[in-house]
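> Next one to model:
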Amino acid sequence: MRVVLDTNVLVAALRSRTGASFRLLERVGRGNFETMISTPLILEYEDVLSRLDQPIESKLIAPVLDYLCLVGTVQEIHYLWRPFLRDPKDDHVLELAFNSRANIVTFNERDFRNVPELGIEVWSPRTLLEKIGEL
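Model (predicted):
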């Protein structure tokens with residue numbers, strides 16, 4: 001099972017150790033699912049995490065991103081679907097999911113409501129945990 005973690009999932013995981021996002025982040029790289037990454041996604045993770053209103057400790061950001069780069073599967077993007085989504089800033093997440101035949105894990109399922117027509121499912125972190133038998 002391949003997934004693309006939307007940035008909001010990573011933000012939630014690093015802000016709280018009690019939620020589904022943190023539990024999901026703990027399972028990245030353990031074989032339950034394959035985490036797909038791309039250069040634009042890693043750059044977005046870094047940008048968003050470093051400029052939050054309630055910043056995450058900077059000493060946590062680099063090791064988490066390094067780990068995601070180590071265990072994630074890099075996917076080159078060959079097709080651009082822009083603009084396709086309501087928020088054009090999410091189009092690169094869709095492109096990564098489409099090119100890697102992955103599903104999207106996000107808290108903003110509404111922002112991706114028209115992607116099932118492309119064969120992509122959109123799940124919350126909790127839904128993915130249920131699918132891998134962790135809840």
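
> going forward, measure contacts between C-alpha atoms and count neighbours the same way
Noted.

> For the spatially most central residue of the chain, give me phi and psi.
Here the mean C-alpha position of the chain is nearest to the C-alpha of residue 5 (C-alpha atoms, centre = their mean), at a distance of 1.1 Å. Main-chain torsions, residue 5, degrees, to the nearest 10: phi -90, psi 120.

> Who does the residue nearest to it when sequence neighbours are not counted form a beta bridge with?
Once flanking residues are discounted, residue 5 sits nearest to residue 105: 5.0 Å by C-alpha to C-alpha, 6 or more residues apart in numbering. Judged by DSSP bridges, the bridge partners of residue 105 are residue 5, residue 123.

> need the contact list for residue 105.
Contact partners of residue 105, counting by C-alpha atoms under 8 Å, 6 or more residues apart in numbering, are 3-6, 9, 122-125, 128.

> switch to 7 Å and redo it
3-6, 122-125 (C-alpha atoms under 7 Å, 6 or more residues apart in numbering).

> Strands along this protein, start to end?
2-5, 34-37, 73-74, 103-105, 122-123 (DSSP state E).

> Of those, which stretch is the most buried?
Comparing the strands of the chain by mean neighbour count (mean count of other C-alpha atoms under 10 Å), strand 103-105 comes out on top with a mean of 25.

> hmm, back to that, kindly provide the distance from the residue nearest to residue 5 to residue 53.
23 Å (C-alpha to C-alpha, to the nearest Å).

> And for residue 99?
Relative to residue 53, and taking C-alpha to C-alpha, residue 99 is found at 33 Å.

> Outside of stretch 63-76 itself, list whatever touches it.
Residues contacting stretch 63-76 (C-alpha under 7 Å, 6+ apart): 29, 34-38, 96, 100.

> Buried residues, stretch 28-44. List them.
28-29, 32, 34-38, 41, 44 (16 or more other C-alpha atoms under 10 Å).

> Which members of these are the farthest-apart pair?
With C-alpha to C-alpha as the measure, no two of those lie farther apart than 32 and 44, at 24.5 Å.

> Flag the shaky bits of the chain, pLDDT-wise.
54-55, 79-83 (pLDDT under 70).
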